[in-house]
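**Q** Got a predicted structure plus its sequence, pasted below:
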Amino acid sequence: MGFILFRPLPPTELTACRPRPDAVRRRASGLFVAVLLALWAGAAEAADADLIWTDARADSTGSFPLPSPLQESAPVGEPGVQAPLQPLPPTQPRGPVILDMPYEAAPCCPDECTVPGGGFPEGFDDLWAARPWFWQIMPNNLIYTSYLAGPKEPRLGTVVYRDTAADPLNPSISNGTLWDSTLGGRASILRFGSDPVLHPQGFEVQIEGAAFVRLDPQDDRDLRSGDYRFGVPLVYGVGRWQTKLAYYHNSAHLGDEAMIKYPNYQRVNYVRDCIVWGNSYYLFDWLRLYGEVGYSFFNSGGSEPWEFQYGTELIQARPTGIRGAPFFAINGISRQELDWGGNVCVQAGWAWRGRRSEKLFRIGFEYLYGSDPQFEFPFANQNRYGAGMWYDF
């Protein structure tokens, strides 16, 4: 049996045999950089061998388009023969597009110009000229518009006024300052007819709806009452004459704060389901006369079947520009349940009409005398004057 003896090295010699940490790091970093350079050189060589970029120059506007398509080099052994151009990867994601439907694109144009075929033929020279009829879904304007001074017409509007009549909730005092607002509108759904900016002609199906609310600024702006209306008018217009056959539902409600503060007031459940036949005629471009008759086949809360509405409007027919133009309107309503009484509403002020549509914005003064337009108080009267703003679209 033999023995192999190992002589332990002194600590100084052992340390000299081990590589230093900083030397190891330098060697590893050098190796990593060498590998990256080799990979980059190989990729560049392959790209240069297979693909060649063509020049991309700025266009006339000074902007630079996307790079031109890549061009594949000629195969080896076939000099002068080039493969077809290969397009760049698509800028849009590929895959099925579910809602890719045809649409009518309107060219961009400022308000002062006319867009041929853009859906907004102006025709301001002759508002009543015959124009081509065609089917339209949700056109931009209306054949039969809301009456300007009608207190129950759907639109966006608000009026703050002073009323000297007795308060129906507390008859010992006057109404004082009240705030009435209309939140709604009228829109065309389907038309077979023309499509000028103003006064289109043809057959039309409309939809209308509004909430008529009354707030009391003197009493924490409490909601006193609210009427709610929804209707579907069927309209026909040709030349200066328009007619409508419409259905509307109107229901009246007492405000929740008013019910709490005036528990002795007996709430009125006033409801009307009404068929209306109306007619409108423009005697001049700026002068409109109208009248309608309504018969309610369902009545509640004191409502009776027959009602009449009539009035006139004087307003700039064409676009007003930034300066606007004056307007004047008067509307009357008669109802059977009031022994053919009703109210008269007069408005006067300043109006602005858009160039691309019939949209109309007005500010002015309002005076109303007669029956309260809020049907929660069907047998109360008002004598009020105030200021307001109205927007028809």
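**A** Everything's here; your move.
**Q** And the strands in the stretch 151-300 of the chain, which stretches?
**A** 156-166, 174-193, 202-216, 222-238, 241-254, 271-284, 287-300 (DSSP state E, counting those that start in this stretch).
**Q** Okay, now the sheet partners of the longest one, with direction.
**A** Applying DSSP bridges to the sheet, strand 174-193 is found paired with strand 134-137 (antiparallel), strand 156-166 (antiparallel), strand 202-216 (antiparallel).
**Q** Would you mind listing the buried residues in the second one?
**A** It stands for strand 156-166. Going by neighbour count (16 or more other C-beta atoms under 10 Å), the buried part of strand 156-166 is Leu156, Gly157, Thr158, Val159, Val160, Tyr161, Asp163, Ala165, Ala166. Every residue, glycine included, has its C-beta placed from N, CA and C.
**Q** before we move on, what about the last one?
**A** When burial is assessed from 16+ other C-beta under 10 Å, strand 202-216 yields the following buried residues: Gly202, Glu204, Gln206, Glu208, Gly209, Ala210, Phe212, Val213, Arg214, Leu215, Asp216.
**Q** hmm, back to that, can I get the strands of the stretch 151-300 of the chain in CSV including mean pLDDT?
**A** What follows is those, written out as CSV (pLDDT from 0 to 100):
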stretch, mean pLDDT
strand 156-166, 97
strand 174-193, 96
strand 202-216, 97
strand 222-238, 97
strand 241-254, 97
strand 271-284, 97
strand 287-300, 97
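**Q** Let me have these in JSON lines, extended by distance to Asn381.
**A** Compiled in JSON lines, the strands of the stretch 151-300 of the chain are given as follows (distance: least, C-beta to C-beta, whole Å):
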{"stretch": "strand 156-166", "distance to Asn381": "5"}
{"stretch": "strand 174-193", "distance to Asn381": "10"}
{"stretch": "strand 202-216", "distance to Asn381": "15"}
{"stretch": "strand 222-238", "distance to Asn381": "15"}
{"stretch": "strand 241-254", "distance to Asn381": "16"}
{"stretch": "strand 271-284", "distance to Asn381": "20"}
{"stretch": "strand 287-300", "distance to Asn381": "21"}
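**Q** circling back: mind checking which of the strands paired with strand 174-193 is nearest Tyr236?
**A** Distances from Tyr236 to each of those were compared using C-beta to C-beta; the minimum, 5.4 Å, belongs to strand 202-216.
**Q** got the angle between the closest one and strand 222-238?
**A** What separates the directions of strand 202-216 and strand 222-238 is an angle of 170 degrees, with axes from the mean of the first three to the mean of the last three C-alpha atoms, to 10 degrees.
**Q** Could you check the angle strand 202-216 makes with strand 241-254?
**A** Orientation note: strand 202-216 sits at an angle of 30 degrees relative to strand 241-254 (the same axes, to 10 degrees).
**Q** still on that earlier bit, wait, which of the strands of the stretch 151-300 of the chain is closest to Asp125?
**A** Within those, the stretch nearest Asp125 is strand 271-284; the backing value is 15.6 Å (C-beta to C-beta).
**Q** so what strands line up beside that closest one?
**A** Based on DSSP bridges, the pairing partners of strand 271-284 within the sheet are strand 241-254 (antiparallel), strand 287-300 (antiparallel).
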